[in-house]
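Student: Got a predicted structure plus its sequence, pasted below:
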Amino acid sequence: MTPRELADGDSDLSLAQWALERARARGATAVEVLTSTAEALSAGVRLGEVEKLKSSRERRIGLRVFVERSSACASTAELSRDGLDRFIEETIALARVTARDPWSGLPPAQLHPREIPQLNLADSEHGVVGAERALDMARRAERAALSSNPAITNSEGAEFHSGWHRLTFLNSQGFGASYEATSYSLVATPIAQANGSMQRDYWYTAARRYDQLQEPEEVGLIAGQRARRRLGARKIRTTKAPVVFDPEMGAGLISAVAAAACGHALYAGASFLKDKLGTQIAAPQVELIDDPTIVGGLGSRPFDGEGAAAYRKALITNGELKTYLLDSYSARKLGLASTGNAARGIGGPPSAAPTNLYLAPGYESPEQIIRSVEKGLLVTELIGFGINLVTGDYSRGAAGFWIEGGEIAYPVEEITIAGNLSQMMRDIVMIGNDLHWRSWVAAPSIKIAEMTIAGA
Amino acid sequence: MANELIQPDKFFLNRFGLSERAFEKVLDTALERRADYADIYFEWRSNESINLEDSMVNRTAKSVNQGCGVRVCAQERTGYAYSDEITVDRMRLAAQTARMIAEQSAGGRQPVTVGQPVDRHDLYALSTLPLEVEASKKVALLEEIDRAARAYDPRIKNVMASVATETKIVLMATSEGKLAADVQPLCRLNVTVIAEGNGTRQMGFFGGGGRLEYDYFLDGERWREFVREAARQAIVNLEAVDAPAGEMVVVLGPGWPGILLHEAIGHGLEGDFNRKGASAFSGRIGEQVASPLCTVVDDGTLAHRRGSLNVDDEGTPTSRTVLIERGILRGYLQDRLNARLMNMPLTGNGRRESFAHMPMPRMTNTFMLAGDSAPEDIIRSVDRGIYAASFGGGQVDITNGKFVFSASEAYLIENGRLTRPIKGATLIGNGPEVLRRVSMVGCDLQLDAGIGTCGKDGQSVPVGVGLPTIKIDAITVGGTHA
């Protein structure tokens, strides 16, 4: 089934229009309707054999209805007109038992874009790729991982994913638009073994266009090297030392900071960045940017979850917190303007979130950063949920490499790194020049002056 | 509506105009090539969530999900195709896609005959499904919770509370002719508060529920306990000092700290990882992996628990599986595919998040049986260490066995007494080692209040955990105070 065939017959737009009219007829004073149509195929191989093949097709409608200042959200896959009409009636009934919230409502109409930017999010040439090609990509990546070095003796396999979706948005103040997007990803997860111990690692590539994926052989090779280099890892003694986050871990770090800058956490008093707008919250070289308009970006979108125009903004410039990330509700509540950061599932209320988020690169190469560390830790993996956004307290399970005299000495594991996000942001002493987009969040290598490392 | 009034085996037939003959045709299509097994999974699920913040119930949402998936298994291969459109044509198309993993067949096989019902448990028959309780009653409860939490202490500055309810109806038809159906209710009440004082802000949380009547929250005003616990935790944490860093004695309180077992042991004993030799526990059945004080089970048959199921998502009745018996590794958790390939018995642990996912071996309710020690004696035996009363989430790397879980309420133990509260810290250990260091097990086994959600390979399923008070002689505590 191609995207074109799905669009035939009952189009998403006519379905959305019908639902909007029904909601109005049943007493809604304002309405938003979203439809999502999606197709996907994923293929997995393990030790050279096909392990799984998964194919899907989904279509849903979601709505947010307002009865004056009361509102409710809903979504359903039951798309028969009778069923949907009943569902709309139930949703309006739910809105009527919801509180009159003085801050609720659609975004100001002037926030809707006059023109929808062309962000090139869909690869119409490749669409959802066929099973043979998907299996071939996975096979090639896994083969490369298994043959990357002799320590790789086993595998959790490799998986290729290909997806297409179309989102249509319509609201009762006359804004309506639709866009399509594709995504492709490939991941390989080999297992290395030596002296009775096992280590697993992975590497991946992801893009909106098929041709922009990293070669499967390269993905597999890196995955294999990553698994092998962890062998022989030891636990170190508890200490305080500089910590270097590699780009993947750095991306996680800036995501946590951005989450604390999102509207909901702020008005709920659940963020350590509350009341910090316009103040120095990070080292002066820190520049953190959210940009939904990157052409072909994995986090790009032509408008946000409420139909507000998308634009680039710096959250942090020269270490100063310049803006929060807001949807229209949190903006009204905080007495600010929406930043076009409303994110939402088809059936949930909008809530602010970053889009393409990145930390602007610095000047040092990752090698120079390592060389600057006399004794310290390079972190390449973090696990667990030990980030408290209310206080900024940070404590996570870590693995990586011990650095001695500016050189990687040996792999380490079963340790934690701990600190506080506000302090960690101020303690950023070096930012690498190695910024590469591999996901919707990207960071170069980051060196933090000192953290507590707990081990033996 | 009571859940015995919904006939899950008839629900999909009536609603979508299907028949058992149609299932047979789809399964015959699925098995046209050389395959071992095929099944069809139908799901209809309705959810409602009602949320309070800033003293207003201002966010409500509902959703209906439905769909069906066809799976074909051949040796180690699985083909799966699903759609949210439930029609015979769609199912047949899905069967044709799913069977692509199988090789061309040489000869014919017996046509499938569907209709043999599965003997399932009856663990959560309710007189009223929580989803069916009027929204206005839930709104009133949340408003009362807001007032009670703010009245607990003037330092409570914000209250967020929610009631989430779900009804899930499933039907499975297998190429072995079995037909299994179930109605699975679920409900949960969450209370989060923010306290301010002492120049700091802290959060407190308590939640719970299960496959229960909504009235569970109202009986004896049980919701007040939720409020008290959340508020108490936030206020305690206002006084928290930096947590220590390094290896030390840790006493885990009863109940939710059982997340230790889930991360350290449970995932590593799931059949898929072990079949592939990818788990730190692979090939170790019969070995001593824990102190003789430890017996750990996974039990999907506990009435009304969040992690319980009458049948798993492959139509196998759930069971009680002994994972570790007096320290010896006894068993793995299995789904059909891995049980067949490992030639081991089914345990009823084949679970999936929804029709959009393939089943995998997953935990249900995982807990350690009670020992003999009095909890006070356990604390009294510690000169210097920490006592962890509650936790946030955890995670494990099943291959090297390293796991973490993060304390959300913990105290220093000094000279056998709890002294000061400490800030949240992550604990890190090694699955095959940590239970060997258990030197005392309390007589106070508790199951958690019903808030667990386990994520694996992108799929979330409700689970339960449980633990008596235990003492671990050494584990690394990830505080900031080195």
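Tutor: Structure received. Numbering: from 1, shown residues only, chains lettered A, B, ... in the order given.

Student: Return the distance of stretch B:445-459 from the chain's centre.
Tutor: 3 Å (CA atoms, centre = their mean, to the nearest Å).

Student: Quick check, the residue in the stretch 201-350 of chain A closest to chain B?
Tutor: Scanning the stretch 201-350 of chain A for the residue nearest chain B gives residue A:238, at 3.9 Å (criterion: CB to the nearest CB). Using the backbone N, CA and C atoms, a C-beta is placed for each residue, glycine as well.

Student: what's the domain layout of chain A?
Tutor: A:3-227, A:233-456 (automatic domain parsing).

Student: Can I get these in TSV including mean pLDDT and mean neighbour count?
Tutor: Shown next, in TSV, are the domains of chain A (pLDDT from 0 to 100; neighbours: other CB atoms under 10 Å in any protein chain shown):
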stretch	mean pLDDT	mean neighbour count
domain A:3-227	94	20
domain A:233-456	97	21
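
Student: Nearest to residue B:186, out of those?
Tutor: Nearest to residue B:186 among the domains of chain A is domain A:233-456; the distance by CB to CB comes to 17.4 Å.

Student: contacting residues for the spatially closest residue to residue A:137 that is not a sequence neighbour?
Tutor: Distances taken as CB to CB, 6 or more residues apart in numbering or on different chains place residue A:160 nearest to residue A:137, at 4.3 Å, with adjacent residues excluded. Neighbour list for residue A:160: A:42, A:43, A:44, A:129, A:134, A:135, A:137, A:138, A:141, A:184, A:185, A:186 [criterion: CB atoms under 8 Å, 6 or more residues apart in numbering or on different chains].

Student: So which of the residues you listed sit within helices?
Tutor: A:134, A:135, A:137, A:138, A:141 (DSSP state H).

Student: Could you export those as CSV, including distance to residue A:364?
Tutor: Below are the ones in helices among the contacts of residue A:160 laid out as CSV (distance: CB to CB, whole Å):
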residue, distance to residue A:364
A:134, 39
A:135, 42
A:137, 35
A:138, 36
A:141, 31
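
Student: Just name the closest of these to chain B, please.
Tutor: Distance ranking of those against chain B, using CB to the nearest CB, places residue A:135 first at 9.4 Å.

Student: Now residue 442: closest residue in space that isn't a chain neighbour?
Tutor: Because you didn't say which chain, this covers chain A. Leaving aside its chain neighbours, residue A:442 sits nearest to residue A:358 (4.4 Å; criterion: CB to CB, 6+ apart).

Student: that answer is for a different chain, and I need it for chain B
Tutor: In space, and not counting its chain neighbours, residue B:442 is closest to residue B:469: 3.4 Å by CB to CB, 6+ apart.

Student: Now do stretch A:433-443: distance from first to last residue.
Tutor: 9 Å (CA to CA, to the nearest Å).

Student: Over to stretch A:376-394?
Tutor: 18 Å.

Student: on that earlier part again, for the residue nearest to residue A:137, pull up the helix or strand it's in.
Tutor: strand A:152-171 (DSSP states H and E).

Student: So in terms of bridging, what pairs with the residue nearest to residue A:137?
Tutor: Beta-bridge partners of residue A:160, counted by DSSP bridges, are residue A:43, residue A:186.

Student: what about it, distance to residue B:183?
Tutor: As for residue A:160, its distance to residue B:183 is 37 Å (criterion: CB to CB, to the nearest Å).

Student: ditto for residue A:209
Tutor: 45 Å.

Student: Spell out which helix or strand contains the closest residue to chain B within chain A, please.
Tutor: Here chain A gets closest to chain B at one residue, residue A:416, 2.7 Å apart by CB to the nearest CB. Assessed by DSSP H and E, residue A:416 sits inside strand A:407-420.

Student: how about that strand as CSV, C-alpha atoms only?
Tutor: Taking Å, rounded to 0.1, in the frame of the first residue of the first chain, the C-alpha atoms of strand A:407-420 are listed here in CSV:
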residue,chain,number,x,y,z
GLU,A,407,45.1,9.5,27.4
ILE,A,408,42.4,6.9,27.5
ALA,A,409,43.6,4.4,30.1
TYR,A,410,41.0,1.6,30.5
PRO,A,411,37.2,1.0,30.4
VAL,A,412,35.2,1.5,33.6
GLU,A,413,31.8,0.4,34.7
GLU,A,414,29.4,0.0,37.7
ILE,A,415,30.0,3.6,38.8
THR,A,416,27.7,6.6,39.1
ILE,A,417,28.3,10.3,38.4
ALA,A,418,26.5,12.9,40.5
GLY,A,419,26.1,16.6,40.7
ASN,A,420,23.5,19.2,40.2
